[in-house]
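S.K.: Build me a structure from this.
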Amino acid sequence: MTDAAPRLVAVAETLLGAPLPVRVRAWDGSEAGPPAGPVLVFHSRRALRRLLWKPGELGLARAWVSGDMTVEGDLFALLERVAPLLWESGRRPGEEPPPQAPQGLRALLRDPARRTALRDLVGLARPWPAPAPPPEEAQRRGGPRHTKGRDRAAISHHYDVGNEFYAHVLGPSMVYSCAYWSPGGTLEEAQHDKLDLVCRKLALSPGDRLLDVGCGWGSMALHAARAYGVRVTGITLSREQAAYARKRVAEEGLADLVEIRVQDYRDVKDGPYDAISSIGMAEHVGSERYRAYAQTLHALLRPGGRLLNHQIARRPEPDEEAYRIDEFIDAYVFPDGELSPLGTTVGELERAGFEVRDVEALREHYALTLRAWVARLEKHWDEAVRLTSVGRSRVWLLYMAASALGFERNRLGVNQVLAVRTDDGGPADSGMPLRARQWSA
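M.R.: Have a look, this model is predicted:
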């Protein structure tokens, strides 16, 4: 019999309480669902087993990364169709889930129709034994999160994938954070403009000391030294990033201005600095350690020094205690990474002693950046697979495409927060101009 796809669609619609908006093709060649648009392909029963053994986002991620489930057609179009069902539960930020949205396994089992659907899914999957997780899944270290050792392991999982792989995705700029776009601009131009925006917000001038926390492959450090004549200390926990950045520094003849260290921000003791940039790094800090992070940076700045904190934010939850780290991101992309609402970040900076002077939201800019990275990954797909693995390339493709939609739908944001360490015990002069921003009409 070739009826797996119609059965799958019927099961999915019963469990979700809504029509399935994409077409499905099963391992037996059968198809069902809307005739137009992208197709969700189940290559074997293992995809269903993964969903049964790990219901929800982690099971879907394992099926995708392993290749047991793929997409034929436009991945963005498929994600746009299924996101309201699987990730957003049909609600906007701050709204409660609609009545038909299933609230976990217990709710499913209380409904006779859904119990029947689950039995049918088990029959289709033949779910024993449980498939092993894909090798790309992060291996957990014991102990509390955000110790120095566990943070090193998490950073290594994400960034020590290979510099060549990242070069294919990011392009010559080697900047792995939100760009700053102008209409009609290129990715390289937008990344240059973002680095320069940070330098201008920090009011860098020749001879200043800049600490770049989470320096990546050295792009910010190089730009600040080259264009503004500052002395830069860049720190990262990734040895591969540090080696690449040091090579770039040497090739540009900037070794007298730029030092790249493999160092935890908690171990930096050579302040004070005139300015600190933290671009796309604070997401790794963790909510329980964020205040200590802010206090550390505050102590490393001279009075009057500026901090530019560039950080992804999530929408606040109605009940913040209910917030859980995204399973796919935690297992495959940023182990132990956490996102906080913008208000939480600003509050912690203020509690650490900073005066927050400016907040600029760049949400739309990150959506454009991610779509550009996805296009580069798809263009260089064969090389990316050769340098890493099919599974690793699939992780990055799904992560970046889904994140782009998250920014476009206002599920995620990214903000540059400019803060100042005002004079200790003296006049509260921030050193900021009276009109720091120029708004276009």
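S.K.: ok, now how distant is the closest residue to residue 145 other than its chain neighbours from residue 138?
M.R.: The shortest distance from residue 145 to any non-neighbouring residue, by C-beta to C-beta, 6 or more residues apart in numbering, is to residue 336 (4.8 Å). All C-beta spots, glycine's among them, are computed from the backbone N, C-alpha and C. Relative to residue 138, residue 336 is positioned 9 Å away (C-beta to C-beta, to the nearest Å).
S.K.: Comparing the two, which shows the higher neighbour count?
M.R.: Applying other C-beta atoms under 10 Å to residue 336 and residue 138 shows that residue 336 carries more neighbours, namely 21 against 18.
S.K.: Next, the more buried one: secondary structure please.
M.R.: Under DSSP: H, G, I helix; E, B strand; the rest coil, residue 336 falls in the coil class.
S.K.: Going forward, the N-terminal residue is numbered 54.
M.R.: Shifting the count to begin at 54 puts that one at residue 389.
S.K.: Surely it touches residue 203?
M.R.: Yes - with contact defined as C-beta atoms under 8 Å, residue 389 reaches residue 203; the gap is 6.7 Å.
S.K.: Just the CA trace of stretch 272-280, in PDB.
M.R.: Taking C-alpha atoms only, stretch 272-280 is exported to PDB below (Å, rounded to 0.1, in the frame of the first residue of the first chain):
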ATOM      1  CA  SER A 272      37.100  42.400  11.800                       C
ATOM      2  CA  MET A 273      36.100  45.000  14.400                       C
ATOM      3  CA  ALA A 274      39.600  45.200  15.800                       C
ATOM      4  CA  LEU A 275      41.100  45.600  12.300                       C
ATOM      5  CA  HIS A 276      38.700  48.300  11.300                       C
ATOM      6  CA  ALA A 277      39.100  50.300  14.500                       C
ATOM      7  CA  ALA A 278      42.900  50.200  14.200                       C
ATOM      8  CA  ARG A 279      43.000  50.900  10.500                       C
ATOM      9  CA  ALA A 280      40.400  53.600  10.300                       C
END
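S.K.: Other residues contacting it?
M.R.: 226-228, 244-245, 248-249, 251-252, 257, 263, 265, 268, 283-285, 287, 298, 301-302, 305, 307, 310-311, 313, 330, 332 (C-beta atoms under 8 Å, 6 or more residues apart in numbering).
S.K.: List buried residues within those.
M.R.: 226-228, 244-245, 248, 251-252, 257, 263, 265, 268, 283-285, 287, 298, 301-302, 307, 310-311, 313, 330, 332 (16 or more other C-beta atoms under 10 Å).
S.K.: Which of those fall within strands?
M.R.: In strands, judged by DSSP state E, the following of these are found: 263, 265, 284-285, 287, 311, 313, 330, 332.
S.K.: can you put the residues you listed in a markdown table and add pLDDT and distance to residue 369?
M.R.: Output for those, formatted as a markdown table (pLDDT from 0 to 100; distance: C-beta to C-beta, whole Å):
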| residue | pLDDT | distance to residue 369 |
| --- | --- | --- |
| 263 | 98 | 32 |
| 265 | 98 | 29 |
| 284 | 98 | 39 |
| 285 | 98 | 35 |
| 287 | 98 | 33 |
| 311 | 98 | 38 |
| 313 | 98 | 36 |
| 330 | 98 | 26 |
| 332 | 98 | 23 |
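S.K.: buried ones in stretch 436-451?
M.R.: Under the neighbour-count criterion of 16+ other C-beta under 10 Å, stretch 436-451 has 437, 440-451 buried.
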